[in-house]
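In: Sequence isn't available, so here's the structure alone:
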């Protein structure tokens, strides 16, 4: 039944590799003690905030990011205009496969105007 998930602290130690709750309407993860390695954000609720930054201990590979982007693309619920995804290894030079996955996300969710990839 969780709809709002915000973890914003460097003093919270949380490790999880499963899917996030499907009814989320707000997702904000940012903290040096976090380690969410799951890549499933499927669900039906409309998310008004999608911000993942400093949410895992090791940077995502291209394949992991594509899995996350595909999960976002296949999500039934809407996503906000701007989505931020940090902890990505090749954020400054993504390969064509990642660029294509971002394009597919924007095509599936036309309201998304910006997908920001960060370190």
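Out: Thanks, I have it. Everything quoted here is computed from the prediction, not taken from an experiment. Numbering: from 1, shown residues only.

In: SS state for residue 68?
Out: What DSSP: H, G, I helix; E, B strand; the rest coil gives for residue 68 is helix.

In: What score does it have for pLDDT?
Out: Residue 68 is assigned a predicted lDDT (pLDDT) of 98.

In: Next: residue 89.
Out: Residue 89 carries a pLDDT value of 98.

In: so it touches residue 60, yeah?
Out: Yes. With contact defined as C-beta atoms under 8 Å, residue 89 and residue 60 form a contacting pair (6.2 Å). C-betas here are computed from N, CA, C, even on glycine.

In: More neighbours: the two, which one.
Out: Neighbours around residue 89 and residue 60, counted as other C-beta atoms under 10 Å, are more numerous at residue 60. The numbers are 23 against 15.

In: Phi, psi for the closest residue to the more buried one other than its chain neighbours please.
Out: Computed as C-beta to C-beta, 6 or more residues apart in numbering, the closest residue to residue 60 that is not its neighbour in sequence is residue 88, at 4.9 Å. With angles defined as degrees, to the nearest 10, residue 88 sits at phi -110, psi 120.

In: What distance do you get for residue 88 to residue 110?
Out: 23 Å (C-beta to C-beta, to the nearest Å).

In: who has more neighbours, these two?
Out: Using other C-beta under 10 Å as the criterion, residue 88 and residue 110 rank with residue 88 on top: 21 against 7.

In: residue contacts, the more buried one?
Out: Shown in contact with residue 88 (C-beta atoms under 8 Å, 6 or more residues apart in numbering): 59-60, 65, 94, 117-119.

In: if you set the cut-off to 10 Å instead, what comes out?
Out: Residue 88 makes contact with 52, 56, 59-62, 64-65, 68, 94, 98, 117-119 under the criterion C-beta atoms under 10 Å, 6 or more residues apart in numbering.

In: Take the residues you listed and keep only those in helices.
Out: Taking DSSP state H, the ones among these that sit in helices are 62, 64-65, 68, 98.

In: got a winner among those residues for most neighbours?
Out: Neighbour counts for those (other C-beta under 10 Å) peak at residue 65, which has 25 neighbours.
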